[in-house]
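*Asks:* I would like to see how this sequence folds:
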Amino acid sequence: MGRLFGTDGVRGIANTELTPELAFKVGQAGAYVLTEETHHKARILVGRDTRVSGDMLEAALIAGICSVGAEAVSIGIVPTPAVAYLTRFYNADAGVVISASHNPVEYNGIKYFNSKGYKLSDKTEERIEAIILDKAESIPVPVGADVGCRTQKENAFEDYIEFAQGTIDCDLKGLKIAVDCANGAAYRTAPMALSALGAEVQIISNDPDGYNINLNCGSTHMERLQKLVPACGADLGLAFDGDADRVLAVDEKGNMIDGDRIMAICALALMKKGELKDNTLVTTVMSNLGLFIMAKERGLTIRQTKVGDRYVLEEMVNDGYIIGGEQSGHIIFLEHNTTGDGLVTALQLLAVLKQSGKPLSELASVMQVMPQVLVNAKISNDKKNVYMEDETIVKAINNLKATFQDNGRVLIRPSGTEPLVRVMIEGKDKDFLQRKAEELATLIESKLA
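*Replies:* Okay, the predicted model is just below:
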């Protein structure tokens, strides 16, 4: 993880950590690095979510892009995966999205995609960081007619909707779907796509005001959706996060269906049709133990990576795998898009549901979820990566691992986007897991205070 870039771009509290000055520099250095080989006036798409700070940061970012002679094409409020797709579709030289995904409104972030719609490599991010922080390279400053400009493309979201609909080969007639848009970037795209395919859609949290993104709604707060689905007689519910690169589901009984089970359902359906490359699904080490048990029983191969969708994608690209993702609902269908895509994921799940004729609860029962507890230790960003240097913390972790042996897991990792160390423990007794996770998180906080 770099000095500016975390696992998912540059993140921070808008106007204090992620300032307009920094946004300008990220726009300038990013545009320079990503377009220096072009022999034309470079075009960079700029999308954003619904946060109030998006106006401020977009203006600064676009100023930085224009300062190196590139054209900044503003495509408005769109999901993060729309930027990845539209960068390719419009033959742009790069794309950038202003969003902090599932985080609260005070946060924001900046994430680049290259001309092929992929997130930047570590090497490219390090070069951008060196330019910004170390002044490692001088950026040419054009004048006169060579200065860049800002243009706007209206209704880009409609091109993304058309693409997403085309990823399935059936309609959704006869399905009733409850949708939580998190007051975020999915507020137009998800309802429009599902309705156009014939589904009856009941929508909540689709009235963004700049301040209510992810506020007690969306994929991180699913209680309201879980009550709504059985109350309104929906076949299932879909909950997006703020930038709609992830989605979680709710079955017809109101039970939450996480990313592991969505991946299991979709991977098994692809395997049944003979379309799953090497019968392989790519997941991170955070996936539930139940997924691995199911995979062994069904002949499904699991490839594990470090936490972070960039590592999942890297594994998929290297070996040609077509589906991978995270328990959080950040799932990549590489035949369709180059990043996690909540709408595409939702449509793949819905197609399996429609074509199987089975309720979601039955499809999800293929995998038995093992109890898993996650507790966050609040640690400053400058200390969250050094917890393994403390002997007391290391000893406590090792002792807990020895207690579980083969009947559980302990996974400790720093957050890539927040000042946290995440303590995840998995096993059979949830009360025991909760107690031990809280004890370990408290120890980490006390030792690294």
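*Asks:* okay, CA-based contacts and neighbour counts for the rest of this
*Replies:* Fine.
*Asks:* Now Ile110: which helix or strand?
*Replies:* Ile110 is located in strand 107-114, with elements delineated by DSSP states H and E.
*Asks:* now swap in Val373 and tell me
*Replies:* Per DSSP H and E: strand 372-378 holds Val373.
*Asks:* Alpha carbons only: can I get that strand in CSV?
*Replies:* The C-alpha trace of strand 372-378 is given here as CSV (Å, rounded to 0.1, in the frame of the first residue of the first chain):
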residue,chain,number,x,y,z
GLN,A,372,-17.8,-15.2,11.5
VAL,A,373,-17.1,-12.1,13.7
LEU,A,374,-15.4,-8.9,12.6
VAL,A,375,-14.4,-6.3,15.1
ASN,A,376,-12.5,-3.1,14.2
ALA,A,377,-9.6,-1.8,16.3
LYS,A,378,-9.4,2.0,15.8
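*Asks:* quick one on the thing from earlier: check which helices and strands the strand holding Ile110 is in contact with.
*Replies:* strand 9-13, helix 20-35, helix 80-89, strand 94-98 (3 or more Cα pairs under 8 Å, 6 or more residues apart in numbering; DSSP states H and E).
*Asks:* Domain parsing of this protein, as residue ranges.
*Replies:* 5-154, 159-364, 372-447 (automatic domain parsing).
*Asks:* In JSON lines, list these along with mean pLDDT.
*Replies:* Formatted as JSON lines, those follow (pLDDT from 0 to 100):
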{"stretch": "domain 5-154", "mean pLDDT": "95"}
{"stretch": "domain 159-364", "mean pLDDT": "97"}
{"stretch": "domain 372-447", "mean pLDDT": "87"}
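*Asks:* Tabulate these (a markdown table), appending mean neighbour count.
*Replies:* Listed next are the domains of the chain as a markdown table, based on neighbours: other Cα atoms under 10 Å:
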| stretch | mean neighbour count |
| --- | --- |
| domain 5-154 | 21 |
| domain 159-364 | 21 |
| domain 372-447 | 17 |
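*Asks:* mind listing the helices for the chain?
*Replies:* 20-35, 53-67, 80-89, 122-134, 156-165, 186-196, 223-232, 259-272, 289-298, 309-319, 342-356, 360-364, 391-404, 430-447 (DSSP state H).
*Asks:* Out of those helices, which gets nearest to Pro419?
*Replies:* Distance to Pro419, taken as Cα to Cα, is lowest for helix 430-447 among the helices of the chain, at 11.4 Å.
*Asks:* and the gap between the closest residue in space to Tyr187 that isn't next to it in sequence and Asp341?
*Replies:* Once flanking residues are discounted, Tyr187 sits nearest to Asn206: 4.8 Å by Cα to Cα, 6 or more residues apart in numbering. Separation of Asn206 from Asp341 (Cα to Cα, to the nearest Å): 18 Å.
*Asks:* Ok, Ala186 next?
*Replies:* Distance of Ala186 to Asp341, given as Cα to Cα: 11 Å.
*Asks:* What of Asn155?
*Replies:* Taking Cα to Cα, one finds Asn155 at 19 Å from Asp341.
*Asks:* if we can go back for a sec, overlap of the contact sets of Ala186 and Asp341?
*Replies:* Ala244 (Cα atoms under 8 Å, 6 or more residues apart in numbering).
*Asks:* Report the contact partners of Asn381.
*Replies:* Asn381 makes contact with 418-420, according to Cα under 8 Å, 6+ apart.
*Asks:* Now distance to Asp309 too, for those, in CSV please.
*Replies:* Shown next, in CSV, are the contacts of Asn381 (distance: Cα to Cα, whole Å):
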residue, distance to Asp309
Glu418, 16
Pro419, 19
Leu420, 18
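*Asks:* Sort out for me which of the residues you listed are in strands.
*Replies:* Using DSSP state E, the members of the contacts of Asn381 that fall in strands are Leu420.
*Asks:* nearest to Leu433, of the contacts of Asn381?
*Replies:* Leu420 (19.2 Å).
*Asks:* show me the contacts for the closest one.
*Replies:* Taking Cα under 8 Å, 6+ apart, we find Leu420 in contact with 376-381, 384, 414.
*Asks:* swap in Asn114?
*Replies:* Asn114 neighbours (Cα under 8 Å, 6+ apart): 34, 93-95, 120.
*Asks:* Looking at those, which one is closest to Gly9?
*Replies:* For the contacts of Asn114, the nearest to Gly9 is Leu120 (8.9 Å; Cα to Cα).
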